[in-house]
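*Asks:* no sequence on this one, just coordinates:
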Ligand code: ADP
Ligand code: MG
């Protein structure tokens, strides 16, 4: 177990709840002007100026459901927990500013383990320019639970909803897809081998990118900045947490349109594609249903075509159509249309 790796072990009970909160808050510095009051009072105080709208989201991560501490280092878990939360704010074309972190812990976890978790969260806070302004601490009888609430801001006119896509809009996605899911397959495979024979060292050779995509996803702050610099406001947007298929269908449903996605345009990393084949998985299925990519999926007006082409790391994968045409994938080679269905990563896992 990762939390037992370090020889030093300070019981949380030796500090108590308030001691722990005080210990955590020692490492917290506020950097945003809008963070008026952070940890320490009954509530945080936030002030967004110039009539900005507040964008809020919350996500819960449960040990055994969303993460597995046999292979997920606590520092990575902390980073990921913040990253997946701020991703939802970027998906609204807004910028995250504050987070509240609530944790439930059992006595299995030492102070050193919690320090690792918070070190990862604070690293992500730096990376995404957010302040940790509060939270809650509770004991848990079983595993760890982490709940993060994130707040951000945007001008009213800048906020992008899932519902704004129009027929003829270009459908775009950032980065590449499927790698996080394949990273998970590798971790699960090595865990199984390890449980069967603890003397065998895990073989992670050549899989750095896939493991990083699974363990330490990066919310795409850069894409939101590039879009703004290019003067592009997407007509609709969503982040890819459950797999491309599911997210495309969300945009279609909320916007009341159909779409045509081209299989041969879907972006996949070379190693990811190779590993998919080794696992006897269809690479396209990994991209459509794998999940946890935390890329941004968005639509833009056709007039922005040339501007979008210039943005690095964005791929045009199709376009929106009238609703009556349905939501279809154009298969490579045959050019045949097949309806997009959302299986989600859960269904894909069932063998
Ligand atoms: P209350 O009893 O009013 O809920 P707490 O003692 O739980 O107050 O919290 C005191 C302060 O510490 C508050 O500012 C709260 O937001 C902050 N806090 C509590 N737990 C955490 C945590 N796990 N991480 C960050 N801040 C926390
Ligand atoms: Mg409390």
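*Replies:* Noted; the coordinates are in hand. Since this is a predicted model, take the numbers as computed values, not measurements. Ligands and ions are numbered 1, 2, ... in the order given.
*Asks:* and this protein, which of its residues are near ligand 1?
*Replies:* 21, 24, 39-42, 101, 103, 132, 134-137 (C-beta under 6 Å from any ligand atom). Using the backbone N, CA and C atoms, a C-beta is placed for each residue, glycine as well.
*Asks:* Tell me the bridge partners for the residue in the chain that ligand 1 sits nearest to.
*Replies:* The minimum distance from the chain to ligand 1, using C-beta to the nearest ligand atom, falls at residue 134 (2.6 Å). For residue 134, the beta-bridge partners under DSSP bridges are residue 100.
*Asks:* Pull the contacting residues for it.
*Replies:* 38, 39, 43, 44, 100, 101 (C-beta atoms under 8 Å, 6 or more residues apart in numbering).
*Asks:* Can you pull the domain assignment for the chain?
*Replies:* According to automatic domain parsing, the chain comprises the domains 15-158, 170-339.
*Asks:* I'd like these as a markdown table, with distance to residue 8 and mean pLDDT appended.
*Replies:* Formatted as a markdown table, these follow (distance: least, C-beta to C-beta, whole Å; pLDDT from 0 to 100):
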| stretch | distance to residue 8 | mean pLDDT |
| --- | --- | --- |
| domain 15-158 | 6 | 95 |
| domain 170-339 | 24 | 96 |
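*Asks:* does residue 51 sit in a helix or strand, and which one?
*Replies:* If you go by DSSP states H and E, residue 51 is not part of any helix or strand.
*Asks:* Nearest residue to the middle of the chain?
*Replies:* Nearest residue to the geometric centre of the chain (C-alpha atoms, centre = their mean): residue 84, 3.2 Å.
*Asks:* now the helices for the stretch 1-150 of the chain?
*Replies:* 16-25, 74-90, 111-127 (DSSP state H, counting those that start in this stretch).
*Asks:* ok, back up a step: of the residues of the chain next to ligand 1, grab the buried ones for PyMOL.
*Replies:* The following PyMOL line selects those of the residues of the chain next to ligand 1 that are buried, judged by 16 or more other C-beta atoms under 10 Å:
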select buried, resi 21+24+39+101+103+132+134+135+137
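*Asks:* show me the contacts for residue 174.
*Replies:* 220, 223, 295, 296, 313, 314, 315.
*Asks:* what's the neighbour count on the first one?
*Replies:* The one in question is residue 220. For residue 220, the tally of surrounding residues (other C-beta atoms under 10 Å) stands at 25.
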